[in-house]
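Chemist: Below: sequence and its predicted model.
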Amino acid sequence: MSSNLTPSATRRPALDNRAEAANVRAMARGRLITFEGGEGAGKSTQIAMLAERLRAAGRSIVTTREPGGSPGAESIRGLLLTGEVDRWSPFTETLLMYAARRDHIERVIEPALERGEWVLSDRFADSTRAYQGAAGGAPFELIDALEAQTLGAARPDLTLILDLPVEVGLARAAERSHAEVRFEAKGLAFHQRLREAFRAIAEAEPQRCVVIGASGSREAVAEAIWRAVADRLGVQQREGA
Ligand SMILES: Nc1ncnc2c1ncn2[C@@H]1O[C@H](COP(=O)(O)OP(=O)(O)O)[C@@H](O)[C@H]1O
Ligand SMILES: [Mg+2]
């Protein structure tokens, strides 16, 4: 194609094509994978393990968490997770969660997805439905409306629900030393309702959600998660990775 007679005419399209190809690559939207489940289920542990494995498979990965994930949302996290157990009603918590979530989506999740990166979020919208709605009693009409108005295009492509007996999760969580214990302190019945709520969400949306048995070793849970991700999102491990 290239010719010395009309260098600019022949070269320019080639450059344009390359630029276009780069644009198409940049514009392929990323994926949003959310991790859900009760306290101590292993979400934070598993998100780190999956991120490592996906990076080895050649993906650009952003790991983040809720409530929080952006500076504004992290400030709201402090309000939500510390202090007296009854500091907020479930209704007020729902509003705070969604204020934080919107900031997180606008500033972190959506830009990353637009760059083609894969976002792994430690909790997302299902946690509001389970904690504030099913276990806390905040009206589902409120949660439905906020979800519809707030999430925009940030809908999870895959949600991994880590499931294990409530007592096991709380015992694991109790071994961590941290100040964010407001929800851990809510009592066994609350956490039982949570577990049931997450399972009900998975049952209602089987195309999006996979329940992962989380009682086994870290490695066994990581393997089940990897199978779900490979299966649902078509990721393949690189040779030797
Ligand atoms: N499969 C597992 N078996 C035993 N302990 C685990 C397992 N996964 C995580 N843990 C430990 O349990 C605690 C809670 O795990 P974490 O990942 O923080 O849970 P979450 O983020 O869901 O609250 C941590 O101390 C972690 O090291
Ligand atoms: Mg965690």
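Modeler: Received, thanks. Ligands and ions are numbered 1, 2, ... in the order given.

Chemist: pLDDT weak spots in this structure?
Modeler: Applying pLDDT under 70 to the chain picks out residues 1-27, 238-241.

Chemist: and the closest residue to ligand 2 within the chain, how many neighbours does it have?
Modeler: Among the residues of the chain, residue 44 lies closest to ligand 2, at 3.3 Å counting by C-beta to the ion. All C-beta atoms are positioned from the backbone trio N, CA, C, and that covers glycine. Applying the criterion other C-beta atoms under 10 Å, we find 14 residues in the vicinity of residue 44.

Chemist: Thought residue 122 was touching it, still the case?
Modeler: Yes: Residue 44 lies in contact with residue 122 (C-beta atoms under 8 Å); the separation is 5.7 Å.

Chemist: which neighbours do the two share?
Modeler: residue 65 (C-beta atoms under 8 Å, 6 or more residues apart in numbering).

Chemist: and residue 232, which of the three is it?
Modeler: Assigned state for residue 232: helix (three-state reduction, DSSP: H, G, I helix; E, B strand; the rest coil).

Chemist: Show the contacting residues for it.
Modeler: Going by C-beta under 8 Å, 6+ apart, residue 232 touches 157, 158, 210.

Chemist: Where neighbours are concerned, which of these has the most?
Modeler: When neighbours are counted as other C-beta under 10 Å, the busiest of the contacts of residue 232 turns out to be residue 158, with 20 neighbours.

Chemist: Specify the beta-bridge partners of that residue.
Modeler: Applying DSSP bridges to residue 158 yields these beta-bridge partners: residue 33.

Chemist: how far away is it from ligand 1?
Modeler: As defined by C-beta to the nearest ligand atom, to the nearest Å, residue 158 lies at a distance of 17 Å from ligand 1.
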